[in-house]
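> Need coordinates for the following:
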Amino acid sequence: MFSKMIPDSSGRSVHVTGRGVSRRSFLAAGLAMPLIIPRHVLGGAGHQTPSDTLRIAAVGVGGMGQAYLHGCRNEQIVALCDLDHNRSAKVFRNYPKATRYHDFRKMFDKEAKNFDALIIGTPDHTHAILLMTAVKLGKHIYCAKPITHSIGEARKIRAALGKAKDLVTKSSVQSSGTDHSRNTTELLKSGVLGGVRELHIWCDHPAYPCSLVRPTDKQTPPSGMDWDMWIGPAPYRPYHSAYHPANWRPWWDFGTGTVGDMACHTMHVYFKELQLGAPKLVYGYGSTRHKGFFQIVSTPECQSHTNIVTWEFPSRGELPPLTVHWYDGGMKPHRPIELHHNLRLPSSGLLFVGEKGKLLTGFGGGNPFGRRSLGLVGGLLLPEEKFRDFEQPAKTMRRCDSHYIEWTQACKTGGRTVCPVEFGCEMTEMALLGTLALRTRRPLEWNAKKMRITNDEKANDLVDPPYRSGWSL
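Here you go, the predicted model:
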């Protein structure tokens, strides 16, 4: 836990700890503006004093976790945990002073007093266990998305974070708060489209094998790996390379498919503005796998190669009914008839269909149309002739120029990130409804308040499934 006395503009001292500015000291000093720390206090240009350095532990560092660590490399990495030390060896070498662990429970027992913040980069099915432990220990959190593996877990994590007021959290949605994404949101908020009645989202993933059948041959886990621990709260499956390393995402036992993995990378752009979160109906379909002529291979335990999901929302206040469509595996919506024939749909993108016009933009808020977008940096408005004189709205929303630094700085100052885990839970819940639709392959009527599917009792078993014996949240 770092601790420091920092002078404010009047010369009075404010106490800063590992969880940010002490609330009592902050109010006593009468500060009414954001804390500005003088450069000389931080140890000079380009340097951080030890007392201004966040102490970080991480679990799951062999995959995306290593990218999260690299983004926080200027902080003090004190402990690293991964079940596959062979795959994580190169990461361990990058942080030679960090203590290494196989079992996150042992890491928490021995290191709880030695770190301020936790990075979670494990597969989806273990996020909630780690999140809840971090909340109980009072640690700041950076978590891979989707935040949880089930809707029930997402609700429990949101409730726990609601009681932990001093924790700083962030979801791994790297495009959240970027200039491109904010420009798109500001276009949406301007009202130029009128009421949005359709939203089409397409993604060129999955980037891994799909439509797989459960393997039956026996394999041996990597040397020194505790496979039972990797399985964690999920149903036990014997080790197979079809799951690890890196192939777990399409398996419903461990991952949430492409819609669970990638939808949050777009939802932050429009989720609150379109008042999403409680669809009345969701349904989805996956491609069919054949083995020879007319021989269908059933793959109910694994995501299909190509998937389509639809969420139907009723009117919400002044907003009209909305239908949201998801496409992956190379599928895209029908090309807007207003789009010039020389322009292609981006490989991954968004199409908002409003009562007054359409907005076409890149996945996560990027603009793939360059000069063709009539000076707009949030996307391409259609039809072009109608919006030729429309000007990009003013930048009214806070930008996030450095995804990882925003989190580490917020941990030190008590600030709020642009995409906290609580918001990540809300987006995850909508994405996971898409996962349930793909798993059940039938329309599901959703009662968000009661957290129940009202037309398929068996499907409710997937909303908040029980953990394997020996595990609890």
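
> Quick check: mean pLDDT of stretch 396-413?
Per-residue pLDDT values over stretch 396-413 give a mean of 97.

> Walking through the stretch 251-400 of the chain, point out its strands one by one.
Along the stretch 251-400 of the chain, the stretches classed as strands by DSSP state E, counting those that start in this stretch are 281-286, 289-290, 296-297, 307-313, 322-327, 349-354, 358-362, 380-382.

> What pairs with the third one, parallel or antiparallel?
The pairing partners recorded for strand 296-297 under DSSP bridges are strand 289-290 (antiparallel).

> What of the fifth one?
Its sheet considered, strand 322-327 pairs with strand 196-202 (parallel), strand 307-313 (antiparallel) by DSSP bridges.

> Residue 146 is nearest to which of those?
strand 307-313 (14.0 Å; C-beta to C-beta). C-betas here are computed from N, CA, C, even on glycine.

> before we move on, back to that, please name whichever of the strands paired with strand 322-327 is nearest to residue 161.
Comparing the strands paired with strand 322-327 by C-beta to C-beta, strand 307-313 comes nearest, at 24.6 Å.

> Could you tell me which residues within the closest one count as buried?
Across strand 307-313, burial judged by 16 or more other C-beta atoms under 10 Å covers 307, 308, 309, 310, 311, 312, 313.

> what do you get for stretch 156-167?
Here stretch 156-167 shows 156, 157, 158, 160, 161, 167 as buried, counting by 16+ other C-beta under 10 Å.

> Convert stretch 368-387 to CSV, retaining C-alpha atoms only.
The C-alpha trace of stretch 368-387 is given here as CSV (Å, rounded to 0.1, in the frame of the first residue of the first chain):
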residue,chain,number,x,y,z
PRO,A,368,-13.0,3.3,-42.1
PHE,A,369,-14.2,5.8,-44.7
GLY,A,370,-11.7,8.6,-44.4
ARG,A,371,-12.4,11.7,-46.5
ARG,A,372,-15.6,10.1,-47.9
SER,A,373,-17.2,10.8,-44.5
LEU,A,374,-17.7,14.5,-45.3
GLY,A,375,-15.5,15.6,-42.4
LEU,A,376,-17.2,13.4,-39.9
VAL,A,377,-14.9,11.4,-37.7
GLY,A,378,-17.6,9.3,-36.1
GLY,A,379,-18.7,7.5,-39.2
LEU,A,380,-20.5,7.9,-42.5
LEU,A,381,-24.0,9.4,-42.5
LEU,A,382,-26.4,8.1,-45.2
PRO,A,383,-27.8,9.3,-47.5
GLU,A,384,-24.7,11.4,-48.2
GLU,A,385,-26.6,14.1,-50.1
LYS,A,386,-28.9,14.7,-47.2
PHE,A,387,-26.1,15.1,-44.6
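
> how about low-confidence regions in the stretch 301-450 of the chain?
365, 370-375 (pLDDT under 70).

> hmm, 80 instead?
Scanning the stretch 301-450 of the chain for pLDDT under 80 picks out 364-367, 369-376.

> now the stretch 101-250 of the chain
Those would be none, if you go by pLDDT under 80 across the stretch 101-250 of the chain.

> Where do the strands of it begin and end?
In the stretch 101-250 of the chain, the segments counted as strands under DSSP E, counting those that start in this stretch are 117-120, 140-143, 169-171, 196-202.

> of the ones you listed, which approaches residue 233 most closely?
Proximity to residue 233 (C-beta to C-beta) singles out strand 117-120 among these, at 14.6 Å.

> about what we covered before: so which of the buried residues of strand 307-313 is the closest to residue 345?
Of all the buried residues of strand 307-313, residue 345 sits closest to residue 308, with 15.8 Å by C-beta to C-beta.

> how near is that closest one to residue 322?
Distance of residue 308 to residue 322, computed by C-beta to C-beta, to the nearest Å: 17 Å.

> ok, what's across the strand from residue 142?
Applying DSSP bridges, one finds that residue 142 bridges with residue 119, residue 170.

> Tell me who's in contact with it.
Counting by C-beta atoms under 8 Å, 6 or more residues apart in numbering, residue 142 makes contact with 68, 72, 117, 118, 119, 120, 169, 170, 172, 404, 407.

> how does it look with 7 Å?
Counting by C-beta atoms under 7 Å, 6 or more residues apart in numbering, residue 142 makes contact with 68, 119, 120, 170, 172, 407.

> surely the last one meets residue 170?
Spelled out, it's residue 407. Yes - using C-beta atoms under 7 Å, residue 407 is in contact with residue 170, at 4.2 Å.

> ok so, going back, do you know which of the strands of the stretch 101-250 of the chain lies nearest residue 268?
Short answer: strand 169-171, nearest of the strands of the stretch 101-250 of the chain by C-beta to C-beta, at 8.4 Å.

> for the residue lying closest to residue 313 once chain neighbours are set aside, what are its contacts?
Using C-beta to C-beta, 6 or more residues apart in numbering and skipping residues adjacent in sequence, the residue nearest residue 313 is residue 322, 4.4 Å away. Taking C-beta under 7 Å, 6+ apart, we find residue 322 in contact with 196, 197, 199, 274, 313.

> export the buried residues of strand 307-313 to CSV and tack on distance to residue 335?
As requested, those are exported to CSV (distance: C-beta to C-beta, whole Å):
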residue, distance to residue 335
307, 20
308, 16
309, 20
310, 19
311, 22
312, 23
313, 24
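
> Include distance to residue 261 when you put the strands of the stretch 101-250 of the chain into CSV, please.
Formatted as CSV, those follow (distance: least, C-beta to C-beta, whole Å):
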stretch, distance to residue 261
strand 117-120, 15
strand 140-143, 14
strand 169-171, 13
strand 196-202, 13
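
> Minimum distance to residue 264: which of these has it?
strand 169-171 (6.9 Å).

> other SSEs contacting that closest one?
In terms of contacts (3 or more C-beta pairs under 7 Å, 6 or more residues apart in numbering; DSSP states H and E), strand 169-171 is packed against strand 140-143, helix 421-440.

> Please list the residues outside the helix or strand just after the longest one that contact it.
Right, the one you point to is helix 421-440. Downstream of helix 421-440, the first helix or strand assigned by DSSP states H and E is strand 444-447. Strand 444-447 is contacted by residues 279-283, 433, 436-437, 453-456, 459 when judged by C-beta under 7 Å, 6+ apart.
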